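>>> Let's see this in three dimensions:
(chains A, B, C and D)
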2 protein chains.
Amino acid sequence: MTELDSNTEKLIFRAARKIFTMKGYDGARMQEIADEAGINKALLHYYFRSKDKLFEGVFRDVFRTFFPGIKSILVTDRPIDEKIKLLVNQYLDILSGNPDVAGFIFHELRMNPQRLAGNIRDIVIDAREIRQMIQTEVEKGAIRPVRMEHLIANLISMTVFPFISKPVLMSLTGMDEPQFAQFIEERRKIIPEIIIQSIKPTA
Amino acid sequence: MTELDSNTEKLIFRAARKIFTMKGYDGARMQEIADEAGINKALLHYYFRSKDKLFEGVFRDVFRTFFPGIKSILVTDRPIDEKIKLLVNQYLDILSGNPDVAGFIFHELRMNPQRLAGNIRDIVIDAREIRQMIQTEVEKGAIRPVRMEHLIANLISMTVFPFISKPVLMSLTGMDEPQFAQFIEERRKIIPEIIIQSIKPTA
DNA sequence: GTCTATAAACAGATAGAC
DNA sequence: GTCTATCTGTTTATAGAC
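As a prediction, this is how the structure comes out:
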């Protein structure tokens, strides 16, 4: 979408984003999107041709929301501890404001992994760059040699997964909605602590 | 399903489980399930009345697969370190053999959180029991006081999430399929180490 | 650009023969 | 029990008036 697009187009797009993230591609209905936008079903096709095209646009948009400036954080020369804290906090901010996007993204990628190829370019965080960064930190003696795969997996897992498993987690632990919000706030401290602990040089 | 159910019924059920876990409720087609089972569409309705009923049965079944004997591990009086190792390994076993179930379960629960109520009984791991267990360990001086919510969240996150984010993780790190399997094997050691480190009394 | 009406294809469910 | 044929409602998409 360019900035010159009409108001109606934006209206439709916003409605589509809401319905698609809530229900997924298969569960969403064009009629429901039209209702949400307060316009007619035929207009959806006038602006976006098909459900597929509309979804494609929404997915790209959500994808960019979800993978923010990872690179811009990682390539700076802040101390690694600070990078980790920034990354966790940035993700928790995004997810708190958009609690549905994580479930949406990973579901749609599972249904259609090729989607990744079409969007990954937007975020490309080159594996070699991260390996290089870790290598540098190891040589500085700031951290011990760790496999990048696990570091990334642990970081993303602990940050993102609570949102995906929210209903189970709430039921399992007996948390209510405000307690869950509080729980997420606590994780801003807890996750970096654990991650940093896991890469510190063994004493 | 009782043990007296017909062969055809089992055949249908297995096919339904496969298709539903792959495509989700909304994405699955009765025709596709019939094809997978090698029988006719009408037979699905003969045995299971409706798509809804069939799905309900499948969901219960997958749910039980996914939440195994958590309780039976937690209520024993093994040392807590060992409980954690057992839990992680049991989950990784299940998930390695059924890579689709995690994504399936959490997607369907997000679409329809009430489903949890109907199935949670099967696994009921009472929050009070876990809190009690943690309390006991703290009093023994075996661990420091930690909030159960975070302990559970961290444990499940690091174990389950890599399967849900598999395509992203592989793309982000450049792993191929065998490397991913190897990566999961390594996590059998890594996850318990990190979890145990995070609850050890501060030295 | 926006609407109503409708086409065209699909998907779940049932009837009825065997 | 299993099949073919078909009904019924739904859903995406288009035609055409305004």
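>>> How about the residues of chain A by DNA strand D?
A:28, A:29, A:30, A:31, A:41, A:42, A:45, A:49, A:50, A:51, A:52 (CB under 7 Å from any atom of the strand). Where C-beta positions appear, they are placed from N, C-alpha and C, glycine not excepted.
>>> Give me the buried subset of those residues.
A:28, A:30, A:51 (16 or more other CB atoms under 10 Å in any protein chain shown).
>>> Could you report the pLDDT at the second one?
By that I understand residue A:30. In the predicted model, residue A:30 carries a pLDDT score of 98.
>>> Same question for the last one.
At residue A:51 the predicted local distance difference test score is 98.
>>> go on, the one 3 residues further on?
Residue A:54 carries a pLDDT value of 98.
>>> Next one: it relative to DNA strand C, how far apart?
15 Å (CB to the nearest atom of the strand, to the nearest Å).
>>> Setting aside sequence-adjacent positions, which residue approaches that residue most closely?
residue A:48 (4.0 Å; CB to CB, 6 or more residues apart in numbering or on different chains).
>>> between the buried ones among the residues of chain A next to DNA strand D, which is closest to DNA strand C?
residue A:30 (10.6 Å; CB to the nearest atom of the strand).
>>> Tell me if I'm right that the residue nearest to residue A:54 and residue A:15 touch.
No: with contact defined as CB atoms under 8 Å, residue A:48 does not reach residue A:15; the gap is 11.4 Å.
>>> Kindly indicate whether residue A:77 is helix, strand or coil.
At residue A:77, secondary structure determined by DSSP: H, G, I helix; E, B strand; the rest coil is coil.
>>> can you count the residues close to it?
When neighbours are defined as other CB atoms under 10 Å in any protein chain shown, residue A:77 has 7 of them.
>>> what does residue A:84 give?
21.
>>> How about the contacts made by it?
A:155, A:192, A:195, A:196 (CB atoms under 8 Å, 6 or more residues apart in numbering or on different chains).
>>> From chain B, how far out is the spatially most central residue of chain A?
Centroid-nearest residue in chain A: residue A:66, 2.9 Å away (criterion: CA atoms, centre = their mean). Between residue A:66 and chain B the distance is 10 Å, computed by CB to the nearest CB, to the nearest Å.
>>> Just the pLDDT for that residue.
88.
>>> How about the contacts made by it?
Residue A:66 touches A:94, A:98, A:101, A:102, A:105, counting by CB under 8 Å, 6+ apart.
>>> neighbour-wise, which of those residues leads?
Highest neighbour count within the contacts of residue A:66: residue A:102, with 29 neighbours (other CB under 10 Å).
>>> That residue reaches residue A:160, doesn't it?
Yes: in this structure, residue A:102 is within contact of residue A:160 by CB under 8 Å, at 5.2 Å.
>>> can stretch A:95-106 be found next to chain B?
Yes: against chain B, stretch A:95-106 shows contacts by CB under 8 Å from any CB of the partner chain at A:100, A:103, A:106.
>>> Just the ones of these in helices?
Secondary structure assignment by DSSP state H places A:103, A:106 of the residues of stretch A:95-106 next to chain B in helices.
>>> which residues touch the residue nearest to residue A:54?
Contacts of residue A:48 by CB under 8 Å, 6+ apart are A:12, A:16, A:54, A:57.
>>> Out of those, grab the one that's most surrounded.
Result: residue A:16 is most packed of the contacts of residue A:48 (other CB under 10 Å), 26 neighbours.
>>> Where do the helices of chain A begin and end?
A:7-27, A:30-37, A:41-48, A:51-66, A:70-74, A:80-97, A:101-111, A:114-120, A:127-140, A:148-164, A:166-173, A:177-199.
>>> Can you lay out the ones you listed as TSV showing distance to residue B:24?
Converted to TSV, the helices of chain A look like this (distance: least, CB to CB, whole Å):
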stretch	distance to residue B:24
helix A:7-27	6
helix A:30-37	18
helix A:41-48	23
helix A:51-66	15
helix A:70-74	28
helix A:80-97	22
helix A:101-111	7
helix A:114-120	15
helix A:127-140	30
helix A:148-164	15
helix A:166-173	16
helix A:177-199	25
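>>> ranking those helices by mean pLDDT, which is last?
Among the helices of chain A, helix A:70-74 scores lowest, with a mean of 76.
>>> follow-up on the earlier one: ok, so of the contacts of residue A:48, who is nearest DNA strand C?
Using CB to the nearest atom of the strand, residue A:12 is the member of those that lies nearest DNA strand C, at 8.4 Å.
>>> right, and that closest one touches residue A:39 too?
Yes: if you go by CB under 8 Å, residue A:12 and residue A:39 touch, sitting 6.9 Å apart.
>>> Buried ones only from the residues of stretch A:95-106 next to chain B, please, as a PyMOL command.
Those of those that count as buried under 16+ other CB under 10 Å are selected in PyMOL with:
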select buried, chain A and resi 100+103+106
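>>> The residues of stretch A:95-106 next to chain B also near DNA strand C: which ones?
Filtering the residues of stretch A:95-106 next to chain B for proximity to DNA strand C by CB under 7 Å from any atom of the strand leaves nothing.
>>> Just give me the closest of the residues of stretch A:95-106 next to chain B to DNA strand D.
Taking the residues of stretch A:95-106 next to chain B together and measuring to DNA strand D by CB to the nearest atom of the strand, the closest member is residue A:100, at 18.7 Å.
>>> Quickly note the distance from the closest one to residue B:31.
To residue B:31, residue A:100 is 30 Å away according to CB to CB, to the nearest Å.
>>> again with residue A:83
Distance, residue A:83 to residue B:31, by CB to CB: 51 Å.
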